[in-house]
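In: Generate coordinates for the sequence data below:
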Amino acid sequence: MTVQAGEFDTTFANDGKLNWEFPEFVSITPQVVLPLPDGRLLVVANESGRSPGFVVARLTEKGQLDVGTGFGENQQGFARISTGEKMLSGRFGASLLRNGGMLITVHYTSRQPSYESGFVAIQLLPEGRLNDEFGEGGVVTFPYGSIPVTLSRAATAARARQNLSRNIKPAVQSTANSGASGIELSGGKIALVSFGFDPAAQQTKGLVMRLNPDGTFDDTFNKIGSATVELAELGPGGDNAARGVAVQADGGLVVYGDFHDEGTFGTYAVRFTKDGMRDDKFRTTIMSSDRLPIFNDIAVRKKDGIIALIGGQHDDGFIGGEGVIVVLSADGSPHPMFNNGQPLCTKVVPEVGQNWSSCAFGEVDESKLIVAGTSGDVFATDETHAVCARYRLTGELDSTFNGSGWVSFDQEEKLEISLDLHVTAQNKIVICGEYWKDRLSFATGGWIARFIA
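Out: Residues are numbered from 1 along each chain as shown. Okay, here's the model as predicted:
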């Protein structure tokens with residue numbers, strides 16, 4: 001029997017579909033799924049509601065808990081990370097480290113009496129333990145205070161000195177993450193993006209940080225370890241926030257985010273050099289309209305630095321959504337081959353459209369762009385389900401993928417929300433997400449699906 005691209009991979013779990021239900025631990029939804037080189041999966045999963053902890057599980061290539069092979073306390077295949085007084089909120093971000101461990105980011109709020117808020121960056125070793133050589137016991141804490149992180153040089157330097165002196169209280173203790181986003185760079189350094197408040201301009205601005213391998217600020221990056229996103233295209237009262245980051249071969253960081261300027265909403269992409277300077281040779285991408293466009297993920301092709309940015313926007317009636325894909329050359333200019341250099345705004349699901357949430361380059365030569373998302377707009381409907389599509393780098397759907405270029409994941413009596421997508425070394429597409437009981441509820445469970453790429 002010939003297996004076609006776009007079909008469920010029947011060697012995984014139950015005919016390619018895994019319900020996130022493990023009696024060994026309490027967890028609601030797998031929010032991030034990361035494939036290891038050998039086909040196993042590392043999964044970051046939240047607990048119910050606002051919780052002081054989360055679970056990291058390692059699954060075999062067949063979707064079973066990877067027990068007895070060295071991951072988690074007593075090799076149980078999972079680790080629960082506790083954050084004590086810090087209540088986690090929002091989406092997790094996570095990426096693999098070169099040593100096989102993980103970098104995880106997530107927002108938090110503290111309980112009374114401080115009500116402090118911010119985000120934490122957490123490093124796990126390959127066996128699921130916190131990396132004691134990173135930050136304070138595996139954690140670096142970035143408090144916002146009553147307002148987002150202050151961006152003054154004095155405050156930034158003070159925060160760096162706190163890290164250097166290791167006076168920050170531990171945020172996480174182990175019993176054995178589109179929140180802030182982070183990735184590992186060459187030499188074990190870490191790039192993080194978030195947002196902060198500029199008291200002089202009274203504006204919120206995107207914030208890009210680079211840390212040393214031990215979690216201290218890298219002062220070779222813009223001399224203080226951080227830089228702000230300044231958008232000349234905005235008016236004096238415009239605000240912006242950085243949401244994601246990717247690295248190019250020369251060490252430059254491509255940062256995307258969103259902005260608000262006197263009633264205009266939009267999304268952007270800029271580039272910083274490896275020294276932390278804004279790259280004026282990179283063409284800034286600005287996309288704005290009354291349809292509220294937003295980028296949700298980024299991918300960079302290794303061989304030539306081509307950049308893919310994906311997301312969505314409202315349609316005319318604010319009922320359905322249009323998927324948005326922008327492909328840029330390495331210098332930030334629109335790639336002339338992809339949709340004639342124009343953003344691709346389409347409805348793969350004709351009736352209600354979709355909003356793309358994650359992307360990756362696929363095929364051995366990275367000649368295809370694979371995207372995943374959720375049908376409809378930002379609001380759940382009775383027709384909500386997960387969608388995955390494969391595009392040629394001309395902007396056309398690849399009809400050799402499931403015969404149409406796209407496939408859906410739709411279970412009876414459930415609504416499926418797509419959260420994360422990756423392509424494995426074995427050329428499989430792995431996607432995770434949430435189950436909702438109905439459009440008025442919240443997540444009641446989760447799933448992982450694997451397709452032939």
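In: Where do the domain boundaries of this structure fall?
Out: Domains of the chain are assigned by automatic domain parsing as 131-171+178-288, 308-453.
In: Dump the ones you listed to JSON lines, plus distance to Phe119 and mean pLDDT.
Out: C-betas here are computed from N, CA, C, even on glycine. Formatted as JSON lines, those follow (distance: least, CB to CB, whole Å; pLDDT from 0 to 100):
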{"stretch": "domain 131-171+178-288", "distance to Phe119": "4", "mean pLDDT": "80"}
{"stretch": "domain 308-453", "distance to Phe119": "18", "mean pLDDT": "92"}
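In: out of the ones you listed, which comes closest to Asn296?
Out: With CB to CB, the closest approach to Asn296 among the domains of the chain belongs to domain 308-453: 4.4 Å.
In: Quick one: end-to-end distance for the closest one.
Out: 18 Å (CA to CA, to the nearest Å).
In: do stretch 184-198 as well
Out: 27 Å.
In: And that stretch, what's buried?
Out: By neighbour count on 16 or more other CB atoms under 10 Å, the buried set for stretch 184-198 is 184-185, 189-198.
In: Is Val3 in contact with Ile452, as I believe?
Out: Yes - the pair Val3 / Ile452 is scored as a contact, 5.5 Å apart, by CB atoms under 8 Å.
In: out of these two, which sits in the more crowded spot?
Out: Between Val3 and Ile452, counted using other CB atoms under 10 Å, the more crowded position is Ile452 (20 against 11).
In: which residue ranges form the helices in this protein?
Out: Applying DSSP state H to the chain gives helices spanning 153-165.
In: tell me, how many neighbours does Gly445 end up with?
Out: If you count neighbours by other CB under 10 Å, Gly445 ends up with 16.
In: And for the closest residue to it other than its chain neighbours, the neighbour number?
Out: Excluding the flanking residues, the one nearest Gly445 by CB to CB, 6 or more residues apart in numbering is Tyr435, at 4.1 Å. Tyr435 has 20 neighbours, counted by other CB under 10 Å.
In: distance of Gly238 from Trp356?
Out: 25 Å (CB to CB, to the nearest Å).
In: quick one: which of the two has more around it?
Out: Neighbour tally, Gly238 and Trp356, criterion other CB under 10 Å: the higher count belongs to Trp356, 27 against 19.
In: Which residues does that one form beta bridges with?
Out: On the basis of DSSP bridges, Trp356 is bridged to Gly373.
In: Would you enumerate the residues in contact with it?
Out: By CB atoms under 8 Å, 6 or more residues apart in numbering, the contact list for Trp356 reads 296-297, 310-312, 323-325, 371-373.
In: and the residue nearest to Arg271 when sequence neighbours are not counted, what are its phi and psi?
Out: Among residues not flanking Arg271 along the chain, Phe282 sits closest, at 3.7 Å (CB to CB, 6+ apart). Dihedral pair for Phe282: phi -90, psi 130, per degrees, to the nearest 10.
In: Phe282 and Ile183: what is the separation?
Out: 18 Å.
In: cool, Ala380 as well?
Out: According to CB to CB, Ala380 stands 30 Å off from Ile183.
In: Tell me where the stretch 101-250 of the chain has strands.
Out: 102-110, 117-124, 139-143, 149-150, 173-174, 181-184, 190-198, 203-211, 226-228, 239-247 (DSSP state E, counting those that start in this stretch).
In: Ok, which of these comes nearest Met277?
Out: Set against Met277 and scored by CB to CB, the strands of the stretch 101-250 of the chain come closest in strand 226-228, at 7.6 Å.
In: quick one: strands adjacent to the closest one?
Out: strand 203-211 (antiparallel).
In: got the angle for the strand it pairs with vs strand 190-198?
Out: Between strand 203-211 and strand 190-198, the angle comes out at 150 degrees (axes from the mean of the first three to the mean of the last three CA atoms, to 10 degrees).
In: so how far is strand 203-211 off the chain centroid?
Out: For strand 203-211, the gap between its own C-alpha mean and the chain's C-alpha mean amounts to 17 Å (CA atoms, centre = their mean, to the nearest Å).
In: now could you export just the CA positions of it as CSV?
Out: Taking Å, rounded to 0.1, in the frame of the first residue of the first chain, the C-alpha atoms of strand 203-211 are listed here in CSV:
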residue,chain,number,x,y,z
GLN,A,203,5.5,53.8,24.8
THR,A,204,5.6,50.1,24.8
LYS,A,205,8.3,48.8,22.6
GLY,A,206,9.6,45.4,21.4
LEU,A,207,12.5,44.1,23.4
VAL,A,208,15.3,41.9,22.1
MET,A,209,17.8,40.3,24.5
ARG,A,210,20.8,38.1,24.2
LEU,A,211,22.0,36.1,27.2
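In: now that strand and strand 139-143, what's the angle there?
Out: Going by the same axes, to 10 degrees, strand 203-211 makes 160 degrees with strand 139-143.
In: Ala246 is in contact with Ala299, correct?
Out: Yes - Ala299 lies in contact with Ala246 (CB under 8 Å); the separation is 6.9 Å.
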